[in-house]
Structure formats: structure tokens, C-alpha cells
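Visitor: here is a sequence with its predicted model. Questions after.
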Amino acid sequence: MICENCSNTAEISDNELNKMLRSACESSQFHLNTQKIEFFGKCANCTKKHSVAREIMTKASIELSCANKSFQGRKVLEDITMRLNQGEITTLVGPNGAGKSTLVKVILGLIKLDSGILKKSSDLRVGYMPQKIMISPVLPLTTLRFLQLGEPSVKKCIESLKLLEIEHIAEVPVIALSGGEMQRALLARAILGNPNFLFLDEPVQGVDANGQSNLYQTINCISRRLGCGVLMVSHDLHIVMSSTDHVICLNQHICCSGQPEKVSKDPAYINIFGNITAPYAHKHDHQHTLTGEIVKTNSHNLKDSSPD
């Protein structure tokens, strides 16, 4: 431990540290980032109460505080405060025009806030899957060449296609891909840089109902496989129910947030989407491949190691 007042260094056991951290958390006297935990304590050397810090390694995170954005006088984002953590899947739901895509672009640094604070971990590596992409039908671009626009290494591109189990479309022209194949190709491109955060803007757009469920399962598997955080924009909480850890309901401001079951019953959510049937909560008593097929749990290859 390092005293920031007198620079005194003191050894402390992990048990003692955990007790101090629990106490600090309960009293809200702490700040967590990617480099250290800070909290108020008493130094044995100078006996003064002040901030005490210990360097630690934590997962990547993104924080927004009191964020506001307007376009031509129209408020698009209002007083947004939220936190995203590596290893968690967060789904952003809301009606059309709620500011979902704008919020994603703010976090990516593509749009500047009018006011508020955006904090990102220094080791943040981002993968982005856009809502849609326009490719000229006269452009002779195969799926593999499309991936190579972001990563010249053919080996890495093939590995990414294999991870999505779509290596068979490597030489297929992009304009000939089905809706589901195109979305998987976009996802394969998004993970090329080994991101610790994925941003997916309407990832199931253009995919049929059955394909949507399978694609959400694939996203869940990819998140667990790579250990990355995911911020996913969606209109339908029902379909993403089994593939998300946290939900934020947005309508210019954050109406409600929490676990899917909680959000689906929140009056603010019901006011926007109506009092519809509660989302389906999937029980994980088996596993799936990246294409959604049920497999035995005692296998150890890639297909059998990805939870749905």
C-alpha cells in the first residue's frame, strides 16, 4: 500500500486488503479504474486520513457521466450516465429515434459530446459492427477480400471466418451472401483485431426470425470465447433475453436499466413497448455450436466449449 500523503509503503495481506475494500465499497468511498483502487483510510506512518491506493490489474471499462448531445437544437442524448465492463453483454433497447446509434458513436469517438465526461481504459481495443453497409453490386469483392480490407493477413481472416463457422463463404462474392451470412461476415471482420469490446449496431438486421436467435447465440459464444465486453443495439428485448447480462432502455435519457427480467417489467419499459408477454429466459442445461446446434457437454473442442 502507498500513502499518497507521505509516500509511506506498507505491506498488507490479501485478506486484510479484501476487508478494507469491502468496507470502502459499503461506504462508497472508492474509485475503480484500470490501474488502481483508491479509498480513504488512515496511514500508520503519518496517522492522517487521506486517499490510499494500491496498484492492481482490472478489466477494461468504459464510463459515461452526465453526457448530453443535441443536433440542430433537438436533444438526442440527455444526462446519460452508464458503465460498460469487459466480459459483460449489455443490450441497448429503445424506440426508433431514441438515440441508440448516436450513443454508440459517442462511445466510439465518432461523435463529440456537447457536455459530459467519457472515460475509457487505456488498453481498450474496439471491434465495431455497423447497422448496415453498402457495397456496389459491380464491385468484385469476395468475403475474404472484404475482411482483408481491415486485416491484410489471410491467415487471420480465415481464422476469424472459422470462428464464426463460415469459412465456406470465403470465396463467395459479398453481394451474393444471404442476410445471415452477411451479418456473420461483418461480425468476423469486427473481431479481427482481438477486441476486448464489441459494439454491434442492430446486428440481426436483415436476418429472418430463426436466424436472429441463432445469431444472438453466436454473439454470446464469441463474447465468452474472446472474453470481451459487448454493447449491442436491439429493438427486441424478447429475442436477446437469453443472450444478454444487462439491459439499458433508452429514449433520449435512460428510462430504466438492469437485468432483462427486471427491465421487461419496469413501467418505463412497458410505457414504450407495451405490456407484452415476458421475455423467454433460457435455461443453460446444454451447449450450442456457433451456429446454434445443440451438442454434448463432455466434448472439449471449440464447437462444444461455447455456451449459448
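Guide: Yep, it's here.

Visitor: pLDDT score assigned to the residue nearest the centre of the chain?
Guide: Centroid-nearest residue in the chain: V230, 1.7 Å away (criterion: CA atoms, centre = their mean). Note on V230: pLDDT of 95.

Visitor: confirm it sits in a strand?
Guide: Yes - according to DSSP: H, G, I helix; E, B strand; the rest coil, V230 belongs to a strand.

Visitor: what's near enough to touch it?
Guide: By CB atoms under 8 Å, 6 or more residues apart in numbering, V230 lies in contact with E88, I89, T90, F197, L198, F199, L200, I219, S223. Heads up, the C-betas are built off the backbone N, CA and C, glycines and all.

Visitor: switch the residues you listed over to JSON lines; also include distance to G109, neighbour count and pLDDT.
Guide: Shown next, in JSON lines, are the contacts of V230 (distance: CB to CB, whole Å; neighbours: other CB atoms under 10 Å; pLDDT from 0 to 100):
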{"residue": "E88", "distance to G109": "21", "neighbour count": "17", "pLDDT": "93"}
{"residue": "I89", "distance to G109": "22", "neighbour count": "23", "pLDDT": "94"}
{"residue": "T90", "distance to G109": "18", "neighbour count": "19", "pLDDT": "94"}
{"residue": "F197", "distance to G109": "13", "neighbour count": "24", "pLDDT": "94"}
{"residue": "L198", "distance to G109": "16", "neighbour count": "24", "pLDDT": "95"}
{"residue": "F199", "distance to G109": "11", "neighbour count": "24", "pLDDT": "95"}
{"residue": "L200", "distance to G109": "17", "neighbour count": "28", "pLDDT": "93"}
{"residue": "I219", "distance to G109": "23", "neighbour count": "24", "pLDDT": "91"}
{"residue": "S223", "distance to G109": "22", "neighbour count": "23", "pLDDT": "91"}
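
Visitor: top helix in the protein by residue count?
Guide: Counting residues, the longest helix in the chain under DSSP state H turns out to be helix 209-226.

Visitor: in that one, what's buried?
Guide: Neighbour-count burial for helix 209-226, counted by 16 or more other CB atoms under 10 Å, picks out 211-223, 226.

Visitor: now the helices for the stretch 201-308 of the chain?
Guide: Here the stretch 201-308 of the chain has its helices, by DSSP state H, counting those that start in this stretch, at 209-226, 237-240, 260-264, 267-273.

Visitor: before we move on, the earlier item: show me what the longest helix of the chain packs onto, helices and strands only.
Guide: Packed against helix 209-226 by the contact rule (3 or more CB pairs under 8 Å, 6 or more residues apart in numbering; DSSP states H and E) you find strand 89-93, helix 179-190, strand 197-201, strand 229-234, helix 237-240.

Visitor: of the helices of the stretch 201-308 of the chain, which shows the lowest average pLDDT?
Guide: Per-stretch mean pLDDT for those is lowest at helix 237-240 (a mean of 73).

Visitor: could I get the CA-only coordinates of that one as CSV?
Guide: Taking C-alpha atoms only, helix 237-240 is exported to CSV below (Å, rounded to 0.1, in the frame of the first residue of the first chain):
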residue,chain,number,x,y,z
LEU,A,237,-35.7,-7.5,-25.8
HIS,A,238,-37.6,-10.8,-26.2
ILE,A,239,-35.1,-12.3,-28.7
VAL,A,240,-31.9,-11.1,-26.9
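
Visitor: what about that helix, distance to the chain center?
Guide: From the chain centre to the centre of helix 237-240 is a distance of 16 Å (CA atoms, centre = their mean, to the nearest Å).

Visitor: by contact count, what packs against that helix?
Guide: Judged by 3+ CB pairs under 8 Å, 6+ apart, helix 237-240 is in contact with strand 89-93, helix 209-226, helix 260-264.

Visitor: quick one, the second one and strand 89-93 angle?
Guide: For helix 209-226 and strand 89-93, the angle between their directions (axes from the mean of the first three to the mean of the last three CA atoms, to 10 degrees) works out to 140 degrees.

Visitor: right, I'll call it a day here.
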